[in-house]
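> Structural data only, the sequence is not supplied:
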């Protein structure tokens, strides 16, 4: 998930959370299916996804054997639960890095620990002096860029692709994005969302960058390729329920290439499986459909393909969509999407119990494609790289190799899973 891209808005949203209140006088709905969900069952799913990653080069990214095994796992679990399971092939462009290097002021940096190549970066070599270009979100940030200068841009405000495109149009031979990460755990993965950028684009930590800002020297080399790949969305629906209306819940199944992705988003995957098993095959109202999205980490590709495949009538049947992306963060701040549908948010809040904070989700995850079509959306979230309790990152292993089973807070995951199951059951009953 990429909620850190909205860091400025998040700060505002967190302040708003402290002053928000739920004044609706609707009675709390009953009954609730959540007691069917246990910590042990959730943990079983996390352990299974970890084993899959361990046997798949340490990750479960789209287009890899680890992803395919993850899809097989969730499809089998939902089929065993009596749900009708379908797999939807998602065409996408697979990206791999054959080699990459980065030197700053003569120091050779280590890939993953000190820098990352952004997915869909171009290949090539470039060297020169670093030139500060602010956030790189405007063409004017690159005004006056001279031959031999390599722009250095701050992460945030706009998408990586916007920064890279502006740098390329300004004639840069490469672009370096710096990430405010001082931990030695590594630099998180990121994506340009699609091929097309021809120059190398790398993300470097502030710790590794050191004092090399304006005027520092840099040498960058990237040898990467983009090719046709495949990955499946896994979509399951209850056999029972009113066929005229559908309530959906979803989350992405893939990890980044840099780690196993057990919080991001094995936590959402485990939750969705348990939601399905708790609700059963005969929901109280509308049919319930759960979806495990492919290639979210590459640009929301699986959910985009699915929504685009629906005709107007099918989109109209979906009464609500609940997104579950990172719901077991180790230093959590449990939140709901502040910019989603107000009625869905109220149901999520009531199902959760203790007061949830608010987060501006924007276009950061798979809900965005449903919201674009006017479908009411909501979601639960516990945090990525934003500050949490004690000023520490909510998930210091976000998009890193340390996002393992040991990186998941089981207590908050159980709370979010039960809240999700309750909310989906209520939305099914209330769908009209």
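Here it is on my side, so go on. Keep in mind it's a predicted model, so treat the numbers as computed, not measured. Numbers count the residues shown, from 1 in each chain.
> Is residue 329 in contact with residue 386, as I believe?
No - the criterion here is C-beta atoms under 8 Å, and residue 329 misses it with residue 386 at 9.6 Å. C-beta here means a position set from N, CA and C on the backbone, and glycine is covered the same way.
> Going by residue numbers, what spans are helices in the chain?
Using DSSP state H, the helices of the chain run over residues 7-19, 39-54, 65-80, 160-169, 206-209, 267-279, 301-309, 312-317, 342-352, 367-372, 410-430.
> shared neighbours of residue 329 and residue 386, anything?
residue 394 (C-beta atoms under 8 Å, 6 or more residues apart in numbering).
> and the two? which has more neighbours close in?
residue 329 (29 against 23; other C-beta atoms under 10 Å).
> how far away is the residue lying closest to residue 273 once chain neighbours are set aside from residue 424?
Nearest residue to residue 273 in three dimensions, chain neighbours excluded: residue 77, at 5.2 Å (C-beta to C-beta, 6 or more residues apart in numbering). Per C-beta to C-beta, to the nearest Å, residue 77 is found 17 Å from residue 424.
> quick one: which of the two has more around it?
In this view residue 77 and residue 424 are compared by other C-beta under 10 Å, and residue 424 has more residues nearby, 29 against 23.
> Which residue, neighbours along the chain excluded, lies closest to that one?
Counting by C-beta to C-beta, 6+ apart, the residue nearest residue 424 is residue 249, at 5.3 Å.
> residue contacts, residue 73?
Contacts of residue 73 by C-beta under 8 Å, 6+ apart are 48, 49, 52.
> try 10 Å this time
Each residue near residue 73 by C-beta atoms under 10 Å, 6 or more residues apart in numbering is listed here: 45, 48, 49, 51, 52, 60, 234, 253, 269, 273, 292.
> Residue 62 too?
Counting by C-beta under 10 Å, 6+ apart, residue 62 has contacts 68, 70-71, 90, 92, 94-95, 229-232, 252-257, 293-298, 301-302.
> Now, of those, which are buried?
The neighbour-count test (16 or more other C-beta atoms under 10 Å) applied to the contacts of residue 62 identifies 68, 70-71, 90, 92, 94-95, 229, 231-232, 252-257, 293-298, 301-302 as buried.
> returning to that earlier point: does the residue nearest to residue 424 touch residue 419 like I think?
No - checked against C-beta atoms under 10 Å, the pair residue 249 and residue 419 is beyond contact range at 11.5 Å.
> shared neighbours, these two?
Contacts common to residue 249 and residue 419, judged by C-beta under 10 Å, 6+ apart, are 271, 275, 322, 380.
> and these, which two are the farthest apart?
Spanning the widest gap among the shared contacts of residue 249 and residue 419 are 275 and 380, at 11.2 Å by C-beta to C-beta.
> Which of the two has more residues huddled nearby?
residue 380 (31 against 27).
> The more buried one touches residue 422, doesn't it?
No - if you go by C-beta under 10 Å, residue 380 and residue 422 don't touch, sitting 11.4 Å apart.
> Name the residues contacting each of these two.
348, 351, 352.
> Dump those to JSON lines, plus neighbour count, distance to residue 190 and pLDDT.
Output for the shared contacts of residue 380 and residue 422, formatted as JSON lines (neighbours: other C-beta atoms under 10 Å; distance: C-beta to C-beta, whole Å; pLDDT from 0 to 100):
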{"residue": "348", "neighbour count": "26", "distance to residue 190": "29", "pLDDT": "98"}
{"residue": "351", "neighbour count": "25", "distance to residue 190": "33", "pLDDT": "97"}
{"residue": "352", "neighbour count": "20", "distance to residue 190": "30", "pLDDT": "95"}
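> Residue 219: which of those residues is nearest?
Nearest to residue 219 among the shared contacts of residue 380 and residue 422, with distances taken as C-beta to C-beta, is residue 348, at 49.3 Å.
> show me the contacts for that closest one.
322, 336-337, 340-341, 356, 378-380, 416, 419-420, 422-424, 426-427.
> How about residue 108?
Going by C-beta under 10 Å, 6+ apart, the list of residues near residue 108 reads 101, 102, 114, 219.
> And for the first one, nearest residue in space, chain neighbours not counted?
On the basis of C-beta to C-beta, 6+ apart, the spatially nearest residue to residue 101 that is not a chain neighbour turns out to be residue 221, at 4.8 Å.
> quick one: the one you found from residue 100, how far?
6 Å.
> Now do the shared contacts for the two.
By C-beta under 10 Å, 6+ apart, residue 221 and residue 100 have these common neighbours: 117, 123, 200, 202.
> ok, which pair from the residues you listed is furthest apart?
Checking these with C-beta to C-beta, the most distant pair is 123 and 202, at 12.0 Å.
> shared neighbours of these two, anything?
What both residue 123 and residue 202 touch, as defined by C-beta under 10 Å, 6+ apart, is the set 100, 117, 221, 222.
> Scan the residues you listed and report the most crowded one.
Greatest neighbour count in these, by other C-beta under 10 Å, goes to residue 117: 27 neighbours.
> What's the end-to-end length of stretch 351-363?
25 Å (C-alpha to C-alpha, to the nearest Å).
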